[in-house]
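K.L.:
Give me a 3D structure for the following:
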Amino acid sequence: MKDWVIGVIGGSGLYDIEALTQRRTLELKTPWGAPSESLLEGMIDDVRMIFLPRHGRGHRIGPSDVNYRANIAALKMAGCTDIVSVSAVGSLRIDMPPRTFVVVDQYIDRTFARHKTFFEPGVVGHVSMADPTCARLSGLLATAASESGASVVQGGVYLVMEGPQFSTRAESRLYQSWGCDVIGMTNMPEAKLAREAQLPYASVAMVTDFDCWHREEKPVEVEHILRCMHDNVQQARTTIERLVRALPAQRPPSPIDRALEGAIITAEPSRDPQVLSKLRCLTSRSTVFSH
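P.N.:
Okay, the predicted model is just below:
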């Protein structure tokens, strides 16, 4: 059995991984509340996987109401070593048409109504987000997507908007001028929280539409997105299967496994014990809170 435990966060349209065997449901409550849905644990060949639908099964939870802290904490508590995010996005580039898979490597976070950190008054910490995704895991993900038959772009800037409304044309053109490639509503604060939880994170953003900057295309509509999403989701399932089967038997250590070491700025005698108690569930591969 390989020593990876892959957490998969399914976005719009991806509510199950049909290839999972030895299935069981995990009901976890974290110090930050309950995740979007019960976790589905299972196996693909010799790799353990934990699946979590970001919006709940049936898409019950909007992007601003997702409990991102509970989702990431639950995956960590379930033993995940790495996280793969799958999400639907709009394209801001003519050369990234619908059905393109973009393996994201950068973000611009424009969300404003979400809890973005596990830290609280009493324990202050700052982690590096210069490179918000894991290059190793992203490379494996891009290869798996390409082998599944997807049109893949490796590397891209994801503009994360608050939503739930889609962009105005002025906003869409502004984000293009910033050099953004795709636009969506869910990868932040998810990626930031994954880093605080010391979990390498990779994201495949599945293009469903051109955002409303494209004058020759109709403005974004849910009906059109759903049609494209169906095709994308089938390819995403194949990508995930290929990814886990391609993982090496031994998981090499990652610097992200120890992202919290040196990140805590609060002096040890001043750290709030109750906050420390909550944070310890994020540090299974680190001794940063062992004292």
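K.L.:
For Asp109, give me its contacts.
P.N.:
Lys116, Val160, Met188, Pro189, Lys192 (C-beta atoms under 8 Å, 6 or more residues apart in numbering). Bear in mind the C-beta positions are built from the backbone N, C-alpha and C, glycine included.
K.L.:
Which ChimeraX command selects the buried ones in these?
P.N.:
ChimeraX command restricting the contacts of Asp109 to the buried ones, with burial defined by 16 or more other C-beta atoms under 10 Å:
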select :116,160,188,189,192
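K.L.:
Output the contacts of Asp109 as a markdown table; include the columns distance to Glu37, pLDDT and secondary structure.
P.N.:
Below are these laid out as a markdown table (distance: C-beta to C-beta, whole Å; pLDDT from 0 to 100; DSSP: H, G, I helix; E, B strand; the rest coil):
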| residue | distance to Glu37 | pLDDT | secondary structure |
| --- | --- | --- | --- |
| Lys116 | 22 | 98 | coil |
| Val160 | 21 | 98 | strand |
| Met188 | 20 | 98 | helix |
| Pro189 | 19 | 98 | helix |
| Lys192 | 21 | 98 | helix |
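K.L.:
List the contacts of Leu26.
P.N.:
Contacts of Leu26 (C-beta under 8 Å, 6+ apart): Ser38, Leu39, Leu40, Glu41, Ile50, Ala78.
K.L.:
What backbone torsions are found at the fourth one?
P.N.:
Looking back up the chat, that one is Glu41. Here is the backbone geometry of Glu41 (degrees, to the nearest 10): phi -100, psi 140.
K.L.:
how many other residues sit next to it?
P.N.:
Here the number of neighbours of Glu41 (other C-beta atoms under 10 Å) works out to 18.
K.L.:
does it really touch Thr25, like I thought?
P.N.:
Yes. The criterion here is C-beta atoms under 8 Å, and Glu41 meets it with Thr25 at 7.5 Å.
K.L.:
Out of the contacts of Leu26, which is nearest to Gln176?
P.N.:
Taking C-beta to C-beta as the measure, Ile50 is the one of those closest to Gln176, at 36.2 Å.
K.L.:
Under a three-state scheme, what state does the closest one occupy?
P.N.:
The three-state label for Ile50, taken from DSSP: H, G, I helix; E, B strand; the rest coil, comes out as strand.
K.L.:
got a list of what it touches?
P.N.:
So Ile50 contacts Val5, Ile6, Gly7, Val8, Leu26, Leu39, Leu40, Glu41, Leu75, Ala78, Gly79, Cys80 (C-beta under 8 Å, 6+ apart).
K.L.:
now Val47
P.N.:
Met1, Lys2, Trp4, Val5, Ile6, Val244, Arg245, Leu247.
K.L.:
Show me what it bridges to in the sheet.
P.N.:
Ile44 (DSSP bridges).
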